[in-house]
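1. requesting a structural model of the entry that follows:
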Amino acid sequence: MHMNKGAVRRWMRLALAILLVIATAGPALANSELHPGGRLFFPLWDVSGADPGGNPFGGRLTFIILTRLAQFFHTGPNEDAADSGSYTQFTYVSGNPVSSTPSGAPWFSNNCKARNTAQTPSPGVNAVHFQYYGKTCNPVSEIVWMSCADIDLFVLSGLQNTAIPTRDGFSGVLSQGEQGALDVHFVDDDSQQFKDRMNENSLMGHAIISDVKEGWAAQYPAASAKSTQCDFCAAVDGGSRVGYEPYPMEVFIPWVLPDGSGQGGGSLSNLLSLWAPAVQPGESLSTTAWQVTAFWYDGRERPHRRDFGGHSVINFLGSGPTPIDSRFNVTNYFCGHTDNGSQAENDGKPRDIGDGTTGPCVPPDDSSVFNDLDHQSDNFDTQYSSPLGWWDIIMTSDSGQPKPAANAFRSGRGLVGVVLMSGSGGEEGKGAAEAIRLWHKDPCEIGSHGVGIAYGPPHVRDRLTANWSPDYLVYFNAFTFAQQGWICENAPALSPGPDFLNLIP
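-> Numbers count the residues shown, from 1 in each chain. Take a look at the predicted model:
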């Protein structure tokens, strides 16, 4: 179907108006990485949902909003961003302004100066590497350019969406399917190769997934990891001496309504997109595999176990043809108590009423309904008895990606995930959605399942307050549990060589 320019403009206005939807919706739950970093991992883009009727507006969109922190502050307005006289030195981050010119004006290196409107590209614009992954985990790359204090909106659309053209760099991954992940980091301007990493922590990012037909939008923050000097990183892959904070090996879905829960437009379904990013961004994940042990807990603290894994997991928690666990569905929840260990319980029981019998799982409608003295902590006693749940997901094995050293226990990867909880009921404009980023443990904290798995990963700020090499930070997940504890407790002031993994008892 051919569209004229006016129709395209109208569609773009409609699509971008989706950004306004989140102003009226509750914010997505976030992880603790709400800080600028040198690497951002987006665990889900979604351009699925082609309209079988051939509607050119059919299909979901994913908006990637990327912001680069200004490494300076303004002293006054200026007509041209190239006028460095209007900026003052502000930061000490490697590669950023470090001194003043003889005249006293601030000096800017190549990677921290606002865009010069007279040059394209200008000295203030730097290369940012986009690594798209599809369901087969084969990477597809794209280079975008960002200047200091820049903010950019990248719209990802499917091949079926004839109203918004597919990005050239993105189209190559769509042969793997219509859902995947995105890994973002700074690279050297000249080589533009993913191994030539740049040590700067100024990236912030959010994703917005929208479905205009169903009438919803959901947003989540990218998983941000700070970059740091890492001598061992160059020895591992031949790239630059830069590495990143590790992602956690234990993550949590802090709350989620079970699949099939009702809302205004129909029943909800929970799409989990769970990834184990490469230790260094840009690597292929097509030959890798990992396994997790997951426990989900219902409203009465009853644990239910499910093991799963793969190159990546993009699947519904409790619905669809191949759910992760079909028990995580409202059809399996019981309003009361049951001896069936496979059945989930609501967070309360039918409420007691004055004549000694029980009422339904609904709020009291008159004064004859008493507080539930047996379940005083559940939904404030007099509210709904509701199906609820939360998940604890632990990486138990990791293979395929090379280990950083022959005696390493694991490759060093962690987990990043998001749950897209959405539902439309098949009725246009009646949908609802929420994106829930997965949480994780604090640095050097043992998880709820006790010893033997992994500690929460440390951050750059923890290394700075301790006295150990950043190499231990970047490859923290490659160590055994005992070795991780030794690092956390002893803060080794070591300068590791190529065999640094041998230095830990």
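
2. low-confidence stretches in the stretch 351-500 of the chain?
-> The stretch 351-500 of the chain contains residues with pLDDT under 70 at 351-384, 425-427, 450-451, 463-467, 490-500.

3. now do 80
-> Applying pLDDT under 80 to the stretch 351-500 of the chain flags residues 351-385, 406-407, 424-430, 447-452, 462-469, 489-500.

4. residue boundaries of the strands in it?
-> Using DSSP state E, counting those that start in this stretch, the strands of the stretch 351-500 of the chain run over 389-399, 416-423, 432-437, 439-440.

5. again, but for the stretch 101-250 of the chain
-> 125-133, 139-147, 151-157, 179-186, 203-211, 216-221, 223-225, 227-229, 242-244, 250-256.

6. now the ones you listed in TSV, with mean pLDDT?
-> Shown next, in TSV, are those (pLDDT from 0 to 100):
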stretch	mean pLDDT
strand 125-133	91
strand 139-147	90
strand 151-157	94
strand 179-186	96
strand 203-211	95
strand 216-221	94
strand 223-225	95
strand 227-229	90
strand 242-244	93
strand 250-256	95
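
7. just send the ones you listed back as TSV, with distance to Ser267 too.
-> The C-beta positions use only the backbone N, C-alpha and C, and glycine is treated the same way. Formatted as TSV, the strands of the stretch 101-250 of the chain follow (distance: least, CB to CB, whole Å):
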stretch	distance to Ser267
strand 125-133	30
strand 139-147	34
strand 151-157	27
strand 179-186	20
strand 203-211	16
strand 216-221	14
strand 223-225	29
strand 227-229	43
strand 242-244	39
strand 250-256	14
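
8. for Val47, find the nearest of those.
-> Closest to Val47 of the strands of the stretch 101-250 of the chain is strand 151-157 (CB to CB; 5.7 Å).

9. gap between the spatially closest residue to Leu156 that is not a sequence neighbour and Ser191?
-> Spatially, and ignoring its direct neighbours in sequence, Leu156 is nearest to Thr62 (4.3 Å; CB to CB, 6 or more residues apart in numbering). Thr62 sits 28 Å away from Ser191, taking CB to CB, to the nearest Å as the criterion.

10. now swap in Ser261 and tell me
-> 50 Å.

11. likewise Glu178?
-> Applying CB to CB to Glu178 and Ser191 gives a distance of 32 Å.

12. ok, Ile64 next?
-> Computed as CB to CB, the Ile64 to Ser191 distance reads 24 Å.

13. same thing with Cys233?
-> Using CB to CB, Cys233 is found at 16 Å from Ser191.

14. of these two, give the one with the bigger neighbour count.
-> Legend: neighbour count by other CB atoms under 10 Å for Cys233 and Ser191, higher for Cys233 (25 against 12).

15. am I right that the more buried one is in contact with Val474?
-> Yes. Between Cys233 and Val474 there is a contact at 6.2 Å, judged by CB atoms under 8 Å.

16. hey, what's in contact with both of those two?
-> Gly243 (CB atoms under 8 Å, 6 or more residues apart in numbering).

17. is it true that Thr396 touches Ala289?
-> No. Using CB under 8 Å, Thr396 is not in contact with Ala289, being 11.8 Å away.

18. contact partners for Asp152?
-> Under the criterion of CB under 8 Å, 6+ apart, the contact list for Asp152 reads 65-67, 144, 146.

19. swap in 10 Å and give it another go.
-> When contacts are counted by CB atoms under 10 Å, 6 or more residues apart in numbering, Asp152 touches 64-68, 128, 144-146, 205.

20. relative to strand 125-133, how tilted is the helix or strand where the residue nearest to Leu156 lies?
-> Element membership of Thr62, judged by DSSP states H and E, is strand 61-68. Between strand 61-68 and strand 125-133, the angle comes out at 140 degrees (axes from the mean of the first three to the mean of the last three CA atoms, to 10 degrees).

21. got the CA positions of strand 61-68 in CSV?
-> The C-alpha coordinates for strand 61-68 follow below in CSV (Å, rounded to 0.1, in the frame of the first residue of the first chain):
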residue,chain,number,x,y,z
LEU,A,61,7.3,-0.1,18.0
THR,A,62,10.3,0.2,20.3
PHE,A,63,11.7,3.7,21.1
ILE,A,64,15.3,3.7,22.3
ILE,A,65,16.0,7.0,24.0
LEU,A,66,19.7,7.6,24.5
THR,A,67,21.2,10.5,26.4
ARG,A,68,24.8,11.5,26.8
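
22. ok, now how distant is the residue nearest to Ala454 when sequence neighbours are not counted from Ile394?
-> Once flanking residues are discounted, Ala454 sits nearest to Met249: 4.0 Å by CB to CB, 6+ apart. Distance, Met249 to Ile394, by CB to CB: 7 Å.

23. look up the residues forming beta bridges with Ser399.
-> Ala289 (DSSP bridges).

24. quick one: contacts for Asp46?
-> 59-62, 156, 158, 178-180, 207, 209-211, 218, 271, 273, 314, 420, 422.

25. neighbours of the residue lying closest to Val419 once chain neighbours are set aside, how many?
-> With sequence-adjacent residues excluded and distances taken as CB to CB, 6+ apart, Val419 is closest to Ile436, at 4.4 Å. Neighbours of Ile436 under the rule other CB under 10 Å: 21.

26. I'd assumed Tyr475 was in contact with Ala235.
-> No. Between Ala235 and Tyr475 there is no contact under CB atoms under 10 Å: 11.2 Å.

27. neighbour-wise, which of these two wins?
-> Remark: of Ala235 and Tyr475, Tyr475 carries more neighbours, 26 against 18, as counted by other CB under 10 Å.

28. give me the phi and psi angles of the more buried one.
-> Taking degrees, to the nearest 10, you get phi -100, psi 30 for the backbone angles of Tyr475.

29. okay, now the nearest residue to it once chain neighbours are set aside: neighbour count?
-> Leaving out its chain neighbours, the residue that sits closest to Tyr475 by CB to CB, 6+ apart is Gly412, at 4.9 Å. Residues lying near Gly412 (other CB under 10 Å) number 25.

30. so Gly412 makes contact with Ala278?
-> Yes. Assessed by CB under 10 Å, Gly412 is found in contact with Ala278 at 9.0 Å.

31. how close does Gly456 sit to Tyr132?
-> With CB to CB as the criterion, Gly456 and Tyr132 are 29 Å apart.

32. around the closest residue in space to Gly299 that isn't next to it in sequence, how many other residues sit close by?
-> In this structure, Gly299 finds its nearest non-sequential neighbour in Asp347, 2.8 Å apart by CB to CB, 6+ apart. For Asp347, the neighbour count with other CB under 10 Å is 22.

33. ok, Ile64 next?
-> Neighbour count of Ile64, defined by other CB under 10 Å: 23.

34. the residue nearest to it when sequence neighbours are not counted: what's it in contact with?
-> Once flanking residues are discounted, Ile64 sits nearest to Phe154: 4.2 Å by CB to CB, 6+ apart. Neighbouring residues of Phe154 by CB under 10 Å, 6+ apart: 45, 62-66, 130, 142, 144, 167, 169-170, 182, 184, 205, 207.

35. out of these, which end up buried?
-> Taking 16 or more other CB atoms under 10 Å as the criterion, what is buried in the contacts of Phe154 is 45, 62-66, 130, 142, 144, 167, 170, 182, 184, 205, 207.

36. quick check: His304 vs Gln343, distance?
-> Per CB to CB, His304 is found 9 Å from Gln343.
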